[in-house]
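Undergrad: pasting the structure only:
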Ligand SMILES: Nc1ncnc2c1ncn2[C@@H]1O[C@H](COP(=O)(O)OP(=O)(O)OP(=O)(O)O)[C@@H](O)[C@H]1O
C-alpha cells in the first residue's frame, strides 16, 4: 500500500487532466460526503483516545475491504499524523486532503486511489470525508462513483443517521445528505470585465457558495472559482447535484460572452496581456507562486482563444500545480527556502514553456 509521493509529484491529478466536457472553463467536478460513526462523539468532542480508535477501526475496515478485492482501484492509505509537513502540504496542493486536515493534530489518515479520482479523509471535521473529483463537467459519474464508495463503507460500519434529519454531521450545515457538489471554474474574462462580483452576488442569492482555489476561506487565485451548494438538508442528492449542474451552462455562457466581448472590443489589449504573461513565464529568472498563478491564468485563456498555439491546456494545468511550493521541492528532491523556490520555479517554467534554460554548471 506504499505510495511514493515524489513519484506522484511527476504526474498530474485527475482533476487537472484538462479533458472532459466543457474543460476550457470547467476545470473539474467534485462531490464529497460527510459521514460519522454512530458509536463515537464528533471530532470536536472526541478525546485523543476516541480519535485513535476511530482511525484504527476505519483503517482496519479499509484493509479488510481491500484484501477482499472489493475496492475498484489500487488504493493507498497514508497516516497523515506521521507525514512530514512538506508531504502534507503536497497532498493539499494536489487537493487530496484539505488544509484543515494537513494542519490539525492527532490520529488521522487519508485513503487515495492510484488514479487520484477519489480520496477519503479520516478524522477531518467529520470521521469520514469521502470525495470524488473528475476532470471537466462530469457530476453524474462522480455521483455514481462516490455512491458506490459510500455504500461500501456503510456495509462495514454503523453511520450516525437519524430518520428525521438524515446523516448527522459535526457542523449542522452538512446535516441531511452530508453532500457538497462543486465545480471548479476558470473565469478570467469575467474578472477582466469586472462582472465577477455581480455574478457571485446572484449565485449567493440562490444559496450557492463561491470559494477560491483551496476551498473554504481561500483566495480566488489564478481566476479559479469553486461553485457549490450551501444547503444539504431538505433536498435529495439528485436535486442538490442538479442545482449546481443547472447553473453551470449559465456561467459558461457569461464567461464565453465576456471572452467574445474582449476579442471584439479590445483584441490588441487582450493579445498583449496574454503575450506578456507568456513572455514573462518563459523568461523570468525568479518568480513567486502568486505571480505564476496570475500569469498562467492569462496564458490558459490565450490558449483557449487560439492566441497562443505552441502550448497545450494539459501542460498549462500541470504547471498550475507543479509550481506550488511543495510540488517544486518534491520535484527538485530537496528542501528549498522561499527565494530558492522562486528561482527553481522560474527555471521549471522556462523548461516547460520552451524558454531558455542554462546548461547545468560544470565542476572544475
Ligand atoms: N471542483 C473541484 N475541483 C478540485 N478541487 C476542489 C473542487 N471543489 C473543491 N475542491 C477542493 O476540495 C477541498 C475542500 O474544499 P471546501 O473546503 O470548499 O469543501 P468541503 O470539503 O465541503 O469542506 P467544508 O465542510 O469545510 O465546507 C479544497 O482543497 C478545494 O480546493
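TA: Arrived safely. Predicted model only: the values in this text are computed from it and were never measured.

Undergrad: quick check: what element follows the longest strand along the chain along the chain?
TA: In the chain, with assignment by DSSP state E, the single longest strand is strand 26-35. Counting by DSSP states H and E, the element after strand 26-35 in chain order, helix or strand, is helix 48-67.

Undergrad: what is that following helix packed up against?
TA: strand 75-79, strand 109-113, strand 118-122, helix 139-156 (3 or more Cβ pairs under 8 Å, 6 or more residues apart in numbering; DSSP states H and E). In this view, the C-beta of every residue, glycine as well, is placed from N, C-alpha and C.

Undergrad: which one of these lies nearest to residue 212?
TA: Taking Cβ to Cβ, strand 118-122 is the member of those nearest to residue 212, at 19.5 Å.

Undergrad: before we move on, the earlier item: what lines up beside the longest strand of the chain in the sheet?
TA: strand 128-135 (antiparallel), strand 179-186 (antiparallel) (DSSP bridges).

Undergrad: ok, residues contacting the last one?
TA: Same thing as strand 179-186. 15, 24-34, 137, 139, 143, 174, 211, 213, 222-229, 232, 237, 240-241, 243-245, 248, 251, 255, 297, 300-301 (Cβ atoms under 8 Å, 6 or more residues apart in numbering).

Undergrad: restrict those residues to contacts with the ligand.
TA: 15, 28, 29, 30, 32, 211, 213, 226 (Cβ under 6 Å from any ligand atom).

Undergrad: take those and write them to a markdown table, including pLDDT and neighbour count.
TA: Converted to a markdown table, these look like this (pLDDT from 0 to 100; neighbours: other Cβ atoms under 10 Å):
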| residue | pLDDT | neighbour count |
| --- | --- | --- |
| 15 | 80 | 24 |
| 28 | 94 | 27 |
| 29 | 96 | 29 |
| 30 | 96 | 22 |
| 32 | 97 | 24 |
| 211 | 87 | 18 |
| 213 | 76 | 20 |
| 226 | 93 | 22 |
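
Undergrad: what parts of the stretch 1-150 of the chain come near the ligand?
TA: 15, 28, 29, 30, 32, 95, 98, 125, 133.

Undergrad: if we use 8 Å, what do you get?
TA: 15, 27-30, 32, 34, 92, 95, 97-100, 125, 129, 131, 133 (Cβ under 8 Å from any ligand atom).

Undergrad: which of those are buried?
TA: 15, 27-30, 32, 34, 92, 95, 97-98, 125, 129, 131, 133 (16 or more other Cβ atoms under 10 Å).

Undergrad: ranking the helices and strands packed on helix 48-67 by burial, who's on top?
TA: strand 118-122 (a mean of 26; mean count of other Cβ atoms under 10 Å).

Undergrad: got any ranges where this structure has weak pLDDT?
TA: Regions of the chain meeting the criterion pLDDT under 70 cover residues 1-2, 72, 215-219, 355-364.

Undergrad: what's the longest helix in it?
TA: helix 237-283 (DSSP state H).

Undergrad: now the element after it, going C-ward?
TA: Following helix 237-283 in sequence, per DSSP H and E, is helix 289-304.

Undergrad: what's that following helix packed up against?
TA: So helix 289-304, by 3+ Cβ pairs under 8 Å, 6+ apart, packs with strand 179-186, helix 188-192, helix 237-283, helix 313-322, helix 338-352.

Undergrad: could you export the ones you listed as TSV, including mean neighbour count?
TA: Formatted as TSV, the helices and strands packed on helix 289-304 follow (neighbours: other Cβ atoms under 10 Å):
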stretch	mean neighbour count
strand 179-186	23
helix 188-192	22
helix 237-283	16
helix 313-322	21
helix 338-352	18
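
Undergrad: for these, please prepare TSV with the additional fields distance to residue 47.
TA: Output for the helices and strands packed on helix 289-304, formatted as TSV (distance: least, Cβ to Cβ, whole Å):
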stretch	distance to residue 47
strand 179-186	28
helix 188-192	46
helix 237-283	33
helix 313-322	37
helix 338-352	38
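
Undergrad: relative to residue 289, which of the ones you listed is closest?
TA: helix 338-352 (6.8 Å).

Undergrad: break this protein into its domains for me.
TA: 10-255, 256-352 (automatic domain parsing).

Undergrad: so the most centrally placed residue in the chain is in which element?
TA: Nearest residue to the geometric centre of the chain (Cα atoms, centre = their mean): residue 95, 3.8 Å. Assigned by DSSP H and E, residue 95 belongs to no helix or strand.

Undergrad: start the count at 393, not 1, going forward
TA: Shifting the count to begin at 393 puts that one at residue 487.
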